[in-house]
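Peer 1: 3D, please:
(one chain, ligands or ions: 2)
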Amino acid sequence: MNENIQDNLDFYQIKFNFIDKDKDGIISYLELKELIKECNIKCAEVDLQDLLNESNMNEKGQINYTTFMDIIKKLNRSDTHEELVEAFKIFDTDNTKLISAQKLKLVLEKFDNNLKDEDVASIIKEYDLDQDGYLNFEEFCLLMKNK
Ligand SMILES: [Ca+2]
Ligand SMILES: [Ca+2]
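Peer 2: Ligands and ions are numbered 1, 2, ... in the order given. Next up, the predicted model:
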């Protein structure tokens, strides 16, 4: 993956310059999102926010090329995102983008014969941040990261 980044340095520089229309070397969060999309990198909104918070963003929320590359490297390193998307599909059999306790149990049962309804319910409860009774993709990612 790192070699790949090296090869693509020019590519990223060109893309960055393209998005940075006023050429002051700084892009906004919206421009960053556009840039990430331009580079064909799939990234959830939450991931991007997290990465930005981790990165050396200055107080004004401005993003320069170094910050951008920092984020690109982190995104490339966490190639787990694709895997999470794939994993989510395994659970989300009926493509509702939500995992119910029932759907979660169906998959987890394959790994644990003694799995009880209560266990599944408590997993959902623990990660169901918006408390709608289902795990959406973000909540599912949290679950997987903590497993
Ligand atoms: Ca600019
Ligand atoms: Ca939820």
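Peer 1: C-alpha only now, for contacts and for neighbours.
Peer 2: Noted.
Peer 1: low pLDDT regions in this structure?
Peer 2: Low-confidence segments of the chain, defined by pLDDT under 70: 1-8, 43, 45-46, 56-61, 77-80, 147.
Peer 1: Tell me the residues of it that contact ligand 2?
Peer 2: Applying CA under 5 Å from the ion, we find that the chain lies next to ligand 2 at 128, 130, 132, 134, 135.
Peer 1: Please parse the protein into its domains.
Peer 2: Per automatic domain parsing, the domain ranges recorded for the chain read 3-82, 92-146.
Peer 1: could those domains be laid out in a markdown table, adding mean neighbour count?
Peer 2: Listed next are these as a markdown table, based on neighbours: other CA atoms under 10 Å:
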| stretch | mean neighbour count |
| --- | --- |
| domain 3-82 | 15 |
| domain 92-146 | 15 |
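Peer 1: right, and residue 140 touches residue 86 too?
Peer 2: No - contact criterion CA atoms under 8 Å: residue 140 and residue 86 do not qualify, at 11.7 Å.
Peer 1: now the helices for the protein?
Peer 2: Assigned by DSSP state H, the chain shows helices spanning 2-7, 9-19, 29-38, 45-54, 65-77, 80-91, 101-108, 117-127, 137-146.
Peer 1: For those, please prepare JSON lines with the additional fields distance to ligand 1.
Peer 2: Below are those laid out as JSON lines (distance: least, CA to the ion, whole Å):
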{"stretch": "helix 2-7", "distance to ligand 1": "23"}
{"stretch": "helix 9-19", "distance to ligand 1": "8"}
{"stretch": "helix 29-38", "distance to ligand 1": "9"}
{"stretch": "helix 45-54", "distance to ligand 1": "17"}
{"stretch": "helix 65-77", "distance to ligand 1": "10"}
{"stretch": "helix 80-91", "distance to ligand 1": "29"}
{"stretch": "helix 101-108", "distance to ligand 1": "45"}
{"stretch": "helix 117-127", "distance to ligand 1": "38"}
{"stretch": "helix 137-146", "distance to ligand 1": "30"}
